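In: structure of the sequence below:
(chains A and B)
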Amino acid sequence: MPIDILMPALSPTMEEGKLAKWLKAEGDTVSAGDVIAEIETDKATMEVEAVDEGTLGKILVPEGTDAVKVNEKIAILLGEGEDASAIDAAASAPAPAVAPAPAAESPAAAAPVPAAPAASKPADDPEIPAGTAMKSSTVREALRDAMAEEMRRDPDVFVMGEEVAEYQGAYKITQGLLDEFSAKRVIDTPITEHGFAGLGVGAAMAGLKPIVEFMTFNFAMQAIDQIINSAAKTLYMSGGQMGAPIVFRGPNGAAARVGAQHSQDYASWYAHVPGLKVIQPYSAADAKGLLKAAIRDPNPVIFLENEILYGHSFEIPDMDDFVLPIGKAKVEREGTDVTLVSWGIGMTYTMKAVDELAGMGISAEVINLRTIRPLDIDTVIASVQKTGRIVTIEEAFPMCSVSSEIACQVQEKAFDYLDAPVLRVTGKDVPMPYAANLEKLALPNVQEVIDAVKAVTYTA
Amino acid sequence: MAATKKSSAGTSAKSAGRSRGAAKTAAPAIAEFDKDQELHAYREMLLIRRFEEKAGQLYGMGLIGGFCHLYIGQEAVVVGLQIAKKDGDQMITGYRDHGHMLAMDLDPKGVMAELTGRRGGLSKGKGGSMHMFSKEKHFYGGHGIVGAQVSLGTGIGFANKYRENGNVAMAFFGDGASNQGQVYESFNMAELWKLPVIYVIENNKYGMGTSVARASANTDLSQRGSSFGIQGEQVDGMDVRAVAAAGEKALEWCRSGKGPYILEMITYRYRGHSMSDPAKYRSKDEVQKMRTEHDPIEQVRARLIEKKWATEDELKAIDKDVRAVVAEAAEFAQTDPEPDPSELYTDILL
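Out: Sure thing, here's the model as predicted:
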């Protein structure tokens, strides 16, 4: 029986990749362990090794093909005694069942389409001048470009962290920076979060502008004393004499299938602390405009990225110097019936839900917070005064979450405008499980957003 | 010293440490000070001593709150390094920081007013005893988390190297902090990147109430950098001349691009860890012996008299001057108003 060779998943979050090169030709003998192909993900070029031995019978996906989905058949391996006649049968067989892709999300029930859908209206970004040309960029590229632009602009800016230089970034965010800026300004550190976070704060106190990359914010737990006690509090404790202009950045929150210790959203932890600014971008434009602002900011800034969003593409303004204001939310969609407030990866559920809701005749206004601290509560309140209802959406734990804070401030400042309780859609109150089905249950989903909106709008 | 197996402070550094490994270097010979240097050291140390005595008194009167850690007994360490350093070299330390501020020429009135939480304090009354800073004077604090200043000081050294400014950062910490993990993370990076940092371990024998021998598997703290290849030596931290000589050597080492250096200053604090510490973990005799036989100020005083570089009357005049400076600081610290309530919400962000 011929063996199917499938497109492998080469990282926890990989959904597709480019089949860059075949290193074996049809008819070649292959032994287990032979490198048969090279695959480019958005993070790296990886070699694919044969698992079984045999003869490469047929290549189904030619080299140079982009966007080959994980688990797609890319070639057929013939066993001993098999010939090309076995290929046709194998090629026409359906691919074996695979585990569900973690990011795939579909509504449980198709809603009836009303006669006049109350669609939310995409809102212009007031920060982008009218008529600005747009281009496509991944969040990953936007972050890299933001750092490169700021490093060109200010020689005091440097980036340090684990694997940021020669490896080009564990998630390839710092790709190309070493070549342009040299090892003086793109610095590989030992695995020593507490130490290099403290070193970075000290360098900032001495006037440099470090960008400290944590491979993930889970590892920043080892360094949190320096972030809180040294970076955040020194300006106050010195009566304004000495601050720390530093950016701590890296992926935050759940990736996919990496378990409890690598899957936590720290937004509310850092947002709790006076003396810090906390940013959680969603789109590539958020990432670029806000990272540039963060690097220029004279205060310590926590910049919470998301690994799953790194590969997502968005339209981004094609401008020389695109900087967004810290502390200003963006109205992503204008609507009238309910306010949806989200940020970071929570926005992915929110934007999908909005389209579903429109089909159900519910016009949702979507606010992308962009910055967690300082919180742009004014934009939220203005929207709630219009809609009378609010649902927050985030992946973090519910207890003492950013959602909790928003709920509190909304009832303090817009109590009389509320027509329903404030509802939160959050990650579940459990450590992140590993099993695919449990992980899916632990995270929020589009249906939960729709259910919450139905609840606050009292629609069945 | 009954409580430790270590050599006592005041013995020569050569007999204090067992030679172990390539990182061990002999302490330089004690440099002789000239008359001006001796008089300078005497006045500076006396200022710290009298200032701290006054701070202790104000604490007893309830005018200083919270934690207050006095530097009495350890004066030679910071004054010796102040003599050795060049303009532009930085200091950063932990919570026992009043002496460092005075040695770095921060205004005694501002320091004392900070202790009493007044608006004229160096941090406008918002920092307190453990948190004062002056970029202008190259003093980077005053840090309350044990060991944190070691990583921060390493970062100041990093900035010196990045800017190629020829300055050296001195990060002071105690024998207690020398067991914190980030100290070793810092050592590793400092040697790896050849950063100009001197790690000054002020070994005053006790981390709060725990003697070095009860806290450290290897009590020769000068060798704590040996696995990273960092040179280190023990220094008689009660002799300001020994401190200055060791400091000059270490500063030259760092300035010439050879990387970090460790100076373990064998010293002693006469008072408790903080004002609320009765210091029952050591005998009165132990303290008394240090005071009478190894006091850093008395050593200078004896040399000044012996060499006839100063008369008793002249030394009394210096003492009178110093007392006047301290009295003025104490007076200011008691009469200066508390911060305006509007200050509550300032200096959080720039």
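
In: residue ranges of the strands in the stretch 1-150 of chain B, please?
Out: All strands of the stretch 1-150 of chain B, identified by DSSP state E, counting those that start in this stretch, fall at B:90-93, B:139-142.

In: what's the closest of these to B:Asp36?
Out: B:Asp36 sits nearest to strand B:90-93 of all those, at 22.5 Å, using Cβ to Cβ. For glycine as for every other residue, the C-beta is placed from the backbone atoms N, C-alpha and C.

In: now do that closest one: distance to the chain's middle.
Out: Taking Cα atoms, centre = their mean, to the nearest Å, one finds strand B:90-93 lying 9 Å from the centre of the chain it belongs to.

In: so what strands line up beside it?
Out: strand B:139-142 (parallel), strand B:169-174 (parallel) (DSSP bridges).

In: show residues contacting the shortest one.
Out: Right, strand B:139-142. Residues outside strand B:139-142 that contact it (Cβ atoms under 8 Å, 6 or more residues apart in numbering or on different chains): A:202, A:205-206, A:234, A:237-238, A:242, B:90-93, B:95, B:97, B:100-101, B:104, B:106, B:127, B:130-133, B:149, B:152-153, B:156, B:169.

In: so which of those residues are in helices?
Out: A:Gly202, A:Met205, A:Thr234, A:Met237, B:His100, B:Met101, B:Gln149, B:Leu152, B:Gly153, B:Ile156 (DSSP state H).

In: determine which two of the residues you listed are furthest apart.
Out: Across these, no pair lies farther apart than A:Gly202 and B:Met101, at 18.2 Å, counting by Cβ to Cβ.

In: ok, the closest residue to A:Gly259 other than its chain neighbours - how many residues close by?
Out: Nearest residue to A:Gly259, sequence neighbours excluded (Cβ to Cβ, 6 or more residues apart in numbering or on different chains): A:Tyr434, at 4.8 Å. Neighbour count of A:Tyr434, defined by other Cβ atoms under 10 Å in any protein chain shown: 12.

In: A:Tyr434 - that's part of a strand, no?
Out: No. Per DSSP: H, G, I helix; E, B strand; the rest coil, A:Tyr434 lies outside any strand segment and is coil.

In: find me the pLDDT at it, would you?
Out: Here the pLDDT value assigned to A:Tyr434 is 95.

In: what about the helices in the stretch 201-350 of chain A?
Out: With helices called from DSSP state H, counting those that start in this stretch, the stretch 201-350 of chain A shows them at A:224-225, A:234-237, A:267-271, A:284-296, A:307-310, A:346-359.

In: A:Thr459: how many residues sit nearby?
Out: Using other Cβ under 10 Å, A:Thr459 has 13 neighbouring residues.

In: also A:Lys454?
Out: Close neighbours of A:Lys454, defined as other Cβ under 10 Å, add up to 16.

In: and it, how far is that from chain B?
Out: Distance of A:Lys454 to chain B, given as Cβ to the nearest Cβ, to the nearest Å: 40 Å.

In: got it, and A:Ile228?
Out: A:Ile228 is 10 Å from chain B, by Cβ to the nearest Cβ.

In: next one: A:Gly250
Out: According to Cβ to the nearest Cβ, A:Gly250 stands 18 Å off from chain B.

In: OK, contacts around that residue?
Out: Counting by Cβ under 8 Å, 6+ apart, A:Gly250 touches A:Gly161, A:Glu213, A:Phe214, A:Met215, A:Thr216, A:Phe217, A:Ala220, A:Phe303, A:Glu305.
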